[in-house]
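# My questions concern the predicted model and sequence given below.
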Amino acid sequence: MRFREGLAALTLLLAAPAHADGLVDNVNGYTLDGKGRLTRFTAILIDGRGKVAKLLDRRDKRPEKLDFRLDARGRTLIPGLIDAHGHLAALGFQAMQLDLSDTRSLAEAQAKLARWAADHPNPRWIVGRGWNQDKWGLGRFPTAADLDAAVPDRPVWLVRVDGHAAVANSAALALAKVDGATRSPAGGRIDQGLFVDSAMPLVERVIPPPLPRERDAALARAQDMLLSAGVTAATDMATTAEDWNALRRLGDAGALRLRVMSYAAGLDPLLAIAGSGPTPWLYGDRLRMIGLKLFADGALGSRGAWLKADYADALGQRGLRLLDDARLRNLMSRAAMDGFQVAVHAIGDAANGQALDAIEELALTYKGDRRWRIEHAQVVDPADLPRFGRNGIIASVQPVQQVSDRTMAAARLGYGRLGNAYAWKSLLDSDARLAFGSDFPIENPNPFAGLAASISRADAPLQQLSLEQALAAYTVGAAHAAFAEDRIGTLEPGKNADFLLLDRDLFATAPGDLAGTKVLETWVGGVRAWIRK
């Protein structure tokens with residue numbers, strides 16, 4: 001069966017009657033309104049357009065003439081969760097390529113690389129992702145020699161878990177014509193086969209790009225993974241023209257079940273795809289390009305995050321500044337003049353300060369509801385925290401990374417500065433709008449792990465959120481962050497009927513058990529898009 005036909009058939013197999021009047025009854029229902037207030041209900045009535053017609057309580061009379069009726073048998077129903085920051089193609093490709101995210105040592109990674117090469121003799125290049133030298137306890141970054149010991153005869157390119165560094169073997173270096181005389185570019189670093197941030201394209205430019213059918217398969221795989229995790233809408237950060245075309249092919253085939261809000265990977269793809277302003281919603285509110293993704297710095301784990309003081313574990317290093325002030329402002333201004341939203345990746349406190357400075361200057365020219373986004377806001381100077389509450393700034397953060405990165409972050413920052421990191425409650429108290437995501441595939445796209453992390457801050461109790469606040473950041477806040485609050489984020493009448501049926505009541509579950517929540521069914525637009533077998 002051809003790709004498009006197969007996906008369309010799968011959609012029909014999983015779906016309830018499309019665009020039918022229906023009732024999901026006998027639910028333990030929770031939703032939030034636009035102000036984050038919790039509402040309870042026992043049934044949801046869906047209209048023929050796949051939108052919420054009405055929420056019912058026990059005393060309300062149920063309609064008799066319906067196209068379908070589902071008895072949920074008391075299961076918990078919540079709005080579909082929105083991942084405010086992820087990378088769709090990378091998630092799909094990681095599932096299809098060499099995945100090193102589960103390796104615990106360099107030796108284990110080398111063995112897995114050697115097995116992969118033996119099992120996959122045809123691809124000219126071996127491309128993988130997910131290694132983390134901190135998890136390996138290596139005390140250094142891997143080198144070309146480390147990869148040569150496993151695979152000396154085929155080019156290998158392995159991207160770090162954060163996507164901001166990669167290591168190549170000698171065969172790959174030869175093809176890229178990189179040797180000891182090659183100088184590190186501005187905003188990048190080269191060291192014994194390791195490439196950080198702006199240095200990575202030196203090798204990436206010679207790697208054969210995926211075929212269209214491979215990209216289609218990767219995005220379809222990512223869609224299934226997200227729907228199974230309870231994510232009904234995802235913000236795709238750094239969408240390329242090739243990614244957009246693959247999403248359009250999914251949509252044209254009637255197989256785009258996930259909602260995707262897209263931010264282009266640079267000005268050129270933004271203007272080539274969207275032209276003079278954000279695109280309209282396509283495929284029944286399934287796809288829209290709304291803005292531009294920019295990078296102010298790299299990542300903490302690869303010491304690319306731009307800090308105001310030296311790294312505690314690498315004196316003399318303060319990370320990488322990827323854009324100077326003038327270039328950052330020029331790119332932001334070019335996007336804003338056509339009404340595009342701007343999302344700036346900023347991990348370190350220096351990068352966050354730079355982004356805040358740029359927003360404060362540009363807000364004087366570009367008035368109105370701009371919703372400037374700062375992605376990650378991971379390490380913030382306490383003096384800068386109040387600035388997040390000005391100019392309608394969105395703090396797009398990933399709570400689950402506090403759990404996975406806390407040991408590494410303590411080493412990079414030292415405990416004296418660790419209190420300036422992952423300051424979610426302080427951001428919320430500054431009147432910033434919080435939007436939660438996972439940064440998949442860096443992290444597993446499990447929003448329930450993110451919910452658990454945000455309400456369980458034993459390391460910093462003052463930064464702990466309530467479950468209502470955390471749920472709001474995964475629904476109302478994430479929708480607001482992408483100008484989608486008129487369509488998704490709550491189960492208010494008139495909005496799309498995107499919801500989940502769960503195996504437990506979130507509000508009656510101990511914080512330590514929240515991450516283990518299982519999604520039983522995922523509905524998008526009043527249609528069952530995924531069901532647990």
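Nice, I can see it.
# if we look at the strand or helix carrying residue 224, which residues are touching it?
Assigned by DSSP states H and E, residue 224 falls within helix 212-228. Outside of helix 212-228, the residues within contact range by C-beta atoms under 8 Å, 6 or more residues apart in numbering are 3, 7, 83, 86, 88-89, 91-93, 95-96, 210, 234, 242-243, 245-247, 249-250, 255-258, 440, 445, 519, 522, 524, 529-530, 532. In this view, the C-beta of every residue, glycine as well, is placed from N, C-alpha and C.
# for stretch 316-328, same thing?
187-189, 196-198, 294-298, 303-311, 331, 344, 348, 350-351, 354-355, 357-358.
# Of those, which belong to helices?
331, 350-351, 354-355, 357-358 (DSSP state H).
# which of those are buried?
Neighbour counting by 16 or more other C-beta atoms under 10 Å classes 331, 350-351, 354-355, 358 among those as buried.
# helices and strands of the chain: which one bottoms out on pLDDT?
Using mean pLDDT, DSSP states H and E, helix 3-14 stands out as the lowest-scoring helix or strand of the chain, at a mean of 42.
# Moving C-terminal from that helix, which element do we reach first?
Helix 3-14 is succeeded, C-terminally, by strand 22-32 (DSSP H and E).
# what comes up buried for the helix or strand that that next one is followed by?
Elements were assigned by DSSP H and E; along the chain past strand 22-32, the next helix or strand is strand 38-46. When burial is assessed from 16+ other C-beta under 10 Å, strand 38-46 yields the following buried residues: 41-46.
# and the two most separated of those residues?
42 and 46 (14.8 Å; C-beta to C-beta).
# Sketch out the low-pLDDT regions of this protein for me.
Within the chain, the segments meeting pLDDT under 70 span 1-20, 34.
# tell me the domain ranges of it?
Following automatic domain parsing, the chain resolves into domains at 3-80+520-531, 90-204.
# closest to residue 461 out of these?
For the domains of the chain, the distance to residue 461 is smallest for domain 3-80+520-531, at 21.4 Å, taking C-beta to C-beta.
# And the most far-flung residue of the chain relative to its centre, its phi and psi?
Outermost residue of the chain with respect to the C-alpha centroid, by C-alpha atoms, centre = their mean, is residue 64; its distance is 41.6 Å. According to degrees, to the nearest 10, the main-chain angles of residue 64 amount to phi -100, psi -40.
# Following the chain past the one helix or strand residue 469 maps to, name the next helix or strand.
Taking DSSP H and E as the criterion, residue 469 maps to helix 467-474. Using DSSP H and E, the helix or strand that follows helix 467-474 in sequence is helix 476-481.
# Report the distance from that following helix to the chain centre.
14 Å (C-alpha atoms, centre = their mean, to the nearest Å).
# Show me what it is packed against.
Helix 476-481 is packed against strand 81-86, strand 231-239, strand 394-397, strand 433-436, with contacts defined by 3 or more C-beta pairs under 8 Å, 6 or more residues apart in numbering; DSSP states H and E.
# Kindly recompute the last result at 10 Å.
strand 22-32, strand 81-86, strand 231-239, strand 259-264, strand 394-397, strand 433-436, helix 467-474 (3 or more C-beta pairs under 10 Å, 6 or more residues apart in numbering; DSSP states H and E).
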